[in-house]
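Student: below is the structure, and that's it, no one-letter string:
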């Protein structure tokens with residue numbers, strides 16, 4: 001506990017004179033104390049013990065025919081309380097310099113109530129162009145995200161990730177071009193060893209994003225394309241149970257389009273993603289095995305494609321009602337899956353989902369430094385069996401989850 005207090009003191013600068021010694025620097029501290037109370041009617045695909053909610057899990061029947069996943073759950077957390085500092089630094093040549101450090105108490109894995117980096121980067125701004133180096137929102141998350149109380153921010157319909165990156169932006173009149181090289185840290189791709197940083201680390205090729213945006217008043221619209229190249233394995237077990245070095249790679253392209261309109265009272269946002277293997281961005285899908293070299297065990301892969309879209313409308317200033325709808329559809333694989341015994345090997349998230357629908361409504365009360373809100377969400381997931389020739393899901397059935405979230409926030 002003593003270490004926590006010391007860290008907080010260093011971050012928020014209890015002694016203002018500590019930073020006054022840095023000539024040419026300006027510091028702005030901010031943060032929030034956030035509390036989340038939630039309840040679900042069934043078990044779900046989730047992280048942080050349910051705080052980061054994805055979709056309802058399929059039925060698992062016991063010998064008496066009861067659904068083992070049909071059990072309600074809920075909890076109360078303060079883990080997304082956060083602290084941050086924005087730094088404006090002295091000029092570097094003709095570039096304005098700035099930096100951001102932001103942390104929360106989310107921890108990692110199953111270890112909570114520990115400091116976790118959210119954003120940490122520096123930025124060089126020459127006016128029309130800017131270079132950002134560090135960790136911040138994934139470019140697919142971008143500048144268009146829903147305004148909802150659920151901490152998933154619309155995932156898995158909305159790409160969600162903060163990632164280390166080198167990002168360059170060029171702005172001319174109403175247009176902005178973005179190019180980024182992205183790596184993985186806290187949000188990881190799925191593969192043969194589960195979630196791992198090794199797939200992109202051994203690939204030696206960062207994730208590449210290129211996008212274009214148009215801004216005019218309260219309107220923002222744009223498109224983007226993303227390339228991800230992973231090495232799922234570098235060794236495999238082949239004939240006579242011997243280990244072989246293999247050269248496996250899966251390279252995929254994903255596309256997104258987004259639009260947002262805001263004014264004093266209205267927020268209207270929407271995004272559509274045609275994703276291939278976007279599990280590192282909290283997306284559905286992944287990839288499967290399409291062929292195997294029987295001698296070396298080397299595998300070739302095909303991506304599982306998902307189409308995901310969402311629409312969010314919020315109105316008001318003090319009292320703000322809002323609605324959110326999302327839809328995702330499994331479009332199958334690019335190639336036929338390898339399934340000599342009738343079973344295919346898939347790696348990913350929601351690979352047995354055919355489609356997913358979410359509809360939610362919320363009401364928040366907003367005054368300076370405070371927000372109180374209540375949100376209800378209904379999610380329906382269709383599960384079925386795999387058609388190995390197309391990678392699509394057939395013979396489906398639906399399961400539903402009702403989720404209620406109550407939030408209180410003090411912002412400073």
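Tutor: Alright, I've got the coordinates. Given the structure is predicted, the values throughout are model-derived calculations rather than measurements.
Student: packing partners of the helix or strand hosting residue 258?
Tutor: In the assignment (DSSP states H and E), residue 258 maps to strand 250-262. In this structure, strand 250-262 packs against strand 219-230, strand 266-276, strand 299-315, with contacts taken as 3 or more Cβ pairs under 8 Å, 6 or more residues apart in numbering; DSSP states H and E. (C-beta placed from N, C-alpha, C; glycine too.)
Student: compare those and give me the one nearest residue 77.
Tutor: With Cβ to Cβ as the criterion, residue 77 lies closest to strand 299-315 of those, at 23.5 Å.
Student: specify the angle between that closest one and strand 250-262 in degrees.
Tutor: Angle of strand 299-315 versus strand 250-262, following axes from the mean of the first three to the mean of the last three Cα atoms, to 10 degrees, is 10 degrees.
Student: show me what secondary structure element comes after strand 299-315.
Tutor: Past strand 299-315, the next helix or strand by DSSP H and E is strand 319-333.
Student: remind me what that following strand packs against, helices and strands.
Tutor: Using 3+ Cβ pairs under 8 Å, 6+ apart as the contact test, the elements touching strand 319-333 are strand 285-292, strand 299-315, strand 353-367.
Student: list the buried residues in the longest one.
Tutor: Right, the one you point to is strand 299-315. By 16 or more other Cβ atoms under 10 Å, the buried positions in strand 299-315 come out as 299, 301-314.
Student: if we can go back for a sec, wait, which of the helices and strands packed on strand 319-333 is closest to residue 162?
Tutor: Using Cβ to Cβ, those put strand 299-315 closest to residue 162, at 19.1 Å.
Student: and the closest one, which strands flank it?
Tutor: For strand 299-315, the paired strands and their directions (DSSP bridges) are strand 266-276 (antiparallel), strand 285-292 (antiparallel), strand 319-333 (antiparallel).
Student: what's the first helix or strand after the longest one?
Tutor: So that's strand 319-333. Heading C-terminal from strand 319-333 (DSSP H and E), you reach strand 346-349.
Student: contacts for that next one next, please.
Tutor: 45, 54, 156, 190-192, 232, 277, 279, 283-289, 304, 337, 386 (Cβ atoms under 8 Å, 6 or more residues apart in numbering).
Student: now stretch 213-229
Tutor: Counting by Cβ under 8 Å, 6+ apart, 139-140, 142-144, 174-178, 189, 200, 203, 205, 207-212, 249-263, 276-278, 280 sit against stretch 213-229.
Student: what of stretch 32-40?
Tutor: Taking Cβ under 8 Å, 6+ apart as the rule, stretch 32-40 contacts 50-51, 53, 72-78, 80-82, 151, 401-412.
Student: same deal with stretch 119-136?
Tutor: With Cβ under 8 Å, 6+ apart, stretch 119-136 has contacts from 84, 92, 94-102, 117-118, 137, 162-172, 185.
Student: quick check: angle from the strand holding residue 258 to strand 219-230?
Tutor: Using the same axes, to 10 degrees: strand 250-262 against strand 219-230 is 170 degrees.
Student: what strands line up against strand 250-262, and which way round?
Tutor: Here, using DSSP bridges, strand 250-262 pairs with strand 219-230 (antiparallel), strand 266-276 (antiparallel).
Student: quick check: buried residues in the shortest one?
Tutor: Think strand 266-276. Those would be 267-276, for strand 266-276 by 16+ other Cβ under 10 Å.
Student: what's the answer for the longest one, then?
Tutor: By neighbour count, with 16+ other Cβ under 10 Å as the criterion, the buried positions of strand 219-230 are 220-222, 224, 226, 228-230.
Student: redo the strands paired with strand 299-315 as TSV? Include distance to residue 377 and mean pLDDT.
Tutor: Listed next are the strands paired with strand 299-315 as TSV, based on distance: least, Cβ to Cβ, whole Å; pLDDT from 0 to 100:
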stretch	distance to residue 377	mean pLDDT
strand 266-276	17	97
strand 285-292	22	97
strand 319-333	8	98
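Student: with distance to residue 112 added, can I get those strands in CSV?
Tutor: Shown next, in CSV, are these (distance: least, Cβ to Cβ, whole Å):
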stretch, distance to residue 112
strand 266-276, 29
strand 285-292, 26
strand 319-333, 26
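Student: for residue 59, find the nearest of those strands.
Tutor: Nearest to residue 59 among the strands paired with strand 299-315 is strand 319-333 (18.2 Å), distances taken as Cβ to Cβ.
Student: between the closest one and strand 353-367, how big is the angle?
Tutor: Using the same axes, to 10 degrees: strand 319-333 against strand 353-367 is 160 degrees.
Student: any idea of the mean pLDDT for the lengthiest strand in the chain?
Tutor: The longest strand of the chain (DSSP state E) is strand 393-411. For strand 393-411, mean pLDDT is 98.
Student: direction included, what does it pair up with?
Tutor: Strand 393-411 has its sheet partners listed here by DSSP bridges as strand 26-40 (antiparallel), strand 370-386 (antiparallel).
Student: now those strands in JSON lines, with mean neighbour count and distance to residue 325?
Tutor: JSON lines is the format used below for those (neighbours: other Cβ atoms under 10 Å; distance: least, Cβ to Cβ, whole Å):
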{"stretch": "strand 26-40", "mean neighbour count": "16", "distance to residue 325": "19"}
{"stretch": "strand 370-386", "mean neighbour count": "17", "distance to residue 325": "10"}
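Student: now these in CSV, with distance to residue 107 and mean pLDDT?
Tutor: Formatted as CSV, the strands paired with strand 393-411 follow (distance: least, Cβ to Cβ, whole Å; pLDDT from 0 to 100):
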stretch, distance to residue 107, mean pLDDT
strand 26-40, 15, 97
strand 370-386, 24, 98
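Student: which one of the ones you listed lies closest to residue 59?
Tutor: Ranked by Cβ to Cβ, the member of the strands paired with strand 393-411 that lies closest to residue 59 is strand 370-386, at 7.7 Å.
Student: sorry, back to before: is it possible to get the helices and strands packed on strand 319-333 out as CSV so that each row also shows distance to residue 375?
Tutor: Below are these laid out as CSV (distance: least, Cβ to Cβ, whole Å):
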stretch, distance to residue 375
strand 285-292, 26
strand 299-315, 12
strand 353-367, 4
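Student: please confirm that residue 240 is located within a helix.
Tutor: Yes: counting by DSSP: H, G, I helix; E, B strand; the rest coil, residue 240 is located in a helix.
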